[in-house]
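**Q** Sequence plus the predicted model coming up.
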Amino acid sequence: MGFNIFSKATHESEVGNTSFDKLFDLNKSNDCGCKDGKDGQSITVVSSSLDESGNTIVLFSDGSTVTINKGNNGADGSNGSNGINGTDGTDGTNGKSISVLSQTIDSNGNTIITLTDGVTNWNILVNKGTNGTNGVDGTNGTNGVDGIDGINGTDGTDGKSAYEIAVLNGFVGTEAAWLLSLKGLNGTNGTNGTDGTDISTLPYYNEAGTLISPSPNPCSTGKTYILTHGCKSGVPTFYWQEQP
């Protein structure tokens with residue numbers, strides 16, 4: 001009669017090293033007078049799991065395991081064709097108009113703008129800007145026209161005379177006596193003046209203003225000469241001026 005022998009072997013396949021059971025079929029007649037052996041126990045798969053490297057670990061009922069190495073990544077598949085366009089969505093509800101409800105400035109100078117859609121209000125804070133730099137000075141304006149004269153003021157009260165003021169300050173006596181008392185002390189003697197110029201040595205000028213040299217003798221010329229103080233060559237000068 002024929003029978004099967006079940007044994008383990010390792011075979012290298014195209015997808016890597018894979019451990020599996022290989023079954024050999026042997027047909028042999030029972031002419032040898034041998035007795036049949038005991039029936040073997042079937043081996044079943046208890047569980048399978050993945051290790052941290054992605055390999056598959058198969059556990060058999062007899063406690064043995066087989067590791068099936070993780071295969072290489074397959075090539076990327078081709079892109080699928082585009083799907084058909086979806087149907088248009090329904091129209092949304094109309095939006096509400098927003099308007100400026102108010103605009104105020106807080107204590108720090110920031111602007112607060114309040115917006116509303118008629119139902120809900122929103123506040124927007126606009127920070128105060130920094131101060132700008134000072135501008136350059138402008139040019140001076142032209143002088144204005146003179147104003148009209150003001151009206152005359154009223155006359156003031158008469159002031160006190162110098163004599164009355166002297167009496168208020170303790171002077172005793174009449175105004176005449178006060179006037180005499182105003183005489184000051186004698187001054188110091190003045191210095192002697194410089195000697196004057198002898199008029200006979202002064203120059204003579206004719207009617208045209210030309211210097212006559214030598215000096216003429218009025219008795220022989222019959223002319224009259226008047227002593228004159230005038231400017232000659234930018235210098236104040238005394239000279240005799242001939243008269244017509």
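**A** Alright, I've got the coordinates. Residues are numbered from 1 along each chain as shown.

**Q** C-alpha from now on. contacts and neighbour counts both.
**A** Fine.

**Q** number of nearby residues for Leu211?
**A** The number of residues packed near Leu211 is 15, by other CA atoms under 10 Å.

**Q** brain fart, Trp240
**A** 22.

**Q** May I have the strands that pair with the helix or strand that contains it, each with its orientation?
**A** Secondary structure from DSSP states H and E places Trp240 in strand 235-243. When sheet partners are counted by DSSP bridges, strand 235-243 sits next to strand 204-205 (parallel), strand 224-232 (antiparallel).

**Q** and the first one, average pLDDT?
**A** Just to be clear, that refers to strand 204-205. Strand 204-205 comes out with an average pLDDT of 78.

**Q** gap between whichever helix or strand comes after that strand and the chain center?
**A** Note on strand 204-205: by DSSP H and E, the next helix or strand toward the C-terminus is strand 211-212. Distance, stretch centre to chain centre, for strand 211-212: 85 Å (CA atoms, centre = their mean, to the nearest Å).

**Q** So for strand 211-212, mean pLDDT?
**A** On average, strand 211-212 scores 81.

**Q** Then stretch 136-154?
**A** Stretch 136-154 comes out at a mean pLDDT of 88.

**Q** Distance from the chain centre to that stretch, please.
**A** Using CA atoms, centre = their mean, the offset of stretch 136-154 from its chain centre is 40 Å.

**Q** Can you dump the C-alpha atoms of it in CSV for me?
**A** Taking Å, rounded to 0.1, in the frame of the first residue of the first chain, the C-alpha atoms of stretch 136-154 are listed here in CSV:
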residue,chain,number,x,y,z
VAL,A,136,10.4,123.5,9.7
ASP,A,137,9.8,127.1,10.7
GLY,A,138,7.8,129.2,8.3
THR,A,139,9.2,132.4,6.8
ASN,A,140,8.4,135.7,8.5
GLY,A,141,5.3,137.4,7.4
THR,A,142,5.3,141.0,6.0
ASN,A,143,4.8,143.9,8.3
GLY,A,144,1.2,145.0,8.8
VAL,A,145,0.0,148.5,8.1
ASP,A,146,0.2,151.1,10.9
GLY,A,147,-2.8,151.3,13.1
ILE,A,148,-4.8,154.6,13.5
ASP,A,149,-3.8,157.0,16.3
GLY,A,150,-5.5,156.4,19.6
ILE,A,151,-7.6,159.1,21.3
ASN,A,152,-5.8,161.6,23.5
GLY,A,153,-5.6,160.7,27.2
THR,A,154,-6.9,163.0,29.9
